[in-house]
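Trainee: Have a look; sequence and predicted model below, questions after that.
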Amino acid sequence: AQSVSQHNHHVILSEAASLELGCNYSYGGTVNLFWYVQYPGQHLQLLLKYFSGDPLVKGIKGFEAEFIKSKFSFNLRKPSVQWSDTAEYFCAVIRTGTASKLTFGTGTRLQVTL
Amino acid sequence: DTGVSQDPRHKITKRGQNVTFRCDPISEHNRLYWYRQTLGQGPEFLTYFQNEAQLEKSRLLSDRFSAERPKGSFSTLEIQRTEQGDSAMYLCASSPGRSSYNEQFFGPGTRLTVL
């Protein structure tokens, strides 16, 4: 069974600081990878996804993530965070070609201060 | 709004009571998923439907839990004889069935509090 680890549970950054949130997964086969974001009071929204091809994927609101297969990692980055990025971020994995469940990490709460 | 909708948004019940939640997926999405999220955790998979067929159930889904999707459109999740440990956010998601891509679109959730 696959599992996902998010190393940072709570991150506090000042506006304009750079962000990197770690995500590692455990699964021997081919996977699709996702980052979801949950803004305060809102539902989960897809930030970006990796299916195949270029391991550097770009998402909405200036976020990007890099899939490093040898490290089983899919870290999320943003060069300059904004106060509006305050939210909870979840990394998730699914086995390629299946319609089955997403396996989520425990989430990282990002707090951006002015 | 054509997103996934869930009803009710909040439910408070007493231990031992039965509760039922409803999920309306995005129109024409064949796949429907239920997840449960507790404080400080990511969503955990409960069960999944392809049209009206329930194809996978998690071991988290005890015999007090039952889900249906009778006509392949909306789905219901029922919890019988609720326990305090059932308190959580119950999330529904849907995805299209024709593509090999597995992007799931989430609803706002139903927050259950068992007193």
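Mentor: Right, received. Where do you want to start?
Trainee: Could you give the average pLDDT over stretch B:72-79?
Mentor: Averaging pLDDT along stretch B:72-79 yields 95.
Trainee: Just the terminal-to-terminal distance for stretch B:105-115.
Mentor: 30 Å (Cα to Cα, to the nearest Å).
Trainee: wait, A:Gly59 sits on A:Ala65?
Mentor: Yes. Distance between A:Gly59 and A:Ala65: 7.1 Å, which falls inside the contact criterion (Cβ atoms under 8 Å). Any C-beta I mention is one placed from the backbone N, CA and C, and that applies to glycine too.
Trainee: okay, and the common contacts of the two?
Mentor: Counting by Cβ atoms under 8 Å, 6 or more residues apart in numbering or on different chains, the common neighbours of A:Gly59 and A:Ala65 are A:Trp35, A:Leu48.
Trainee: These two: which is more packed in?
Mentor: A:Ala65 (26 against 18; other Cβ atoms under 10 Å in any protein chain shown).
Trainee: Kindly state the beta-bridge partners for that one.
Mentor: Here A:Ala65 sits in beta bridges with A:Val57, A:Leu76, as judged by DSSP bridges.
Trainee: Can you verify my assumption that A:Gly107 contacts A:Ala92?
Mentor: No. Counting by Cβ under 8 Å, A:Gly107 stays clear of A:Ala92, with 10.2 Å between them.
Trainee: Report the set of residues contacting both of those two.
Mentor: By Cβ under 8 Å, 6+ apart, the residues touching both A:Gly107 and A:Ala92 are B:Gly42.
Trainee: Compare these two (neighbour count), which wins?
Mentor: With neighbours defined as other Cβ under 10 Å, A:Gly107 and A:Ala92 compare such that A:Ala92 has more, 27 against 23.
Trainee: ok so that one is a strand residue?
Mentor: Yes. With DSSP: H, G, I helix; E, B strand; the rest coil as the criterion, A:Ala92 is part of a strand.
Trainee: what sits up against stretch A:8-27?
Mentor: A:2-7, A:31, A:33, A:35, A:65, A:71-83, A:85, A:89, A:91, A:93, A:95, A:103, A:105-114.
Trainee: so who does the spatially most central residue of chain B touch?
Mentor: Nearest to the geometric centre of chain B sits B:Trp34, at 3.2 Å (Cα atoms, centre = their mean). Residues in contact with B:Trp34, defined by Cβ under 8 Å, 6+ apart, are B:Cys23, B:Phe45, B:Leu46, B:Thr47, B:Tyr48, B:Ala67, B:Ser75, B:Leu77, B:Tyr90, B:Leu91, B:Cys92.
Trainee: Would you confirm that the fourth one contacts B:Glu56?
Mentor: So the one you mean is B:Thr47. Yes. Here B:Thr47 lies in contact with B:Glu56, judged by Cβ under 8 Å, at a distance of 6.5 Å.
Trainee: Those two: which is more packed in?
Mentor: Neighbour totals were compared for B:Thr47 and B:Glu56, and B:Thr47 leads with 22 against 16 (other Cβ under 10 Å).
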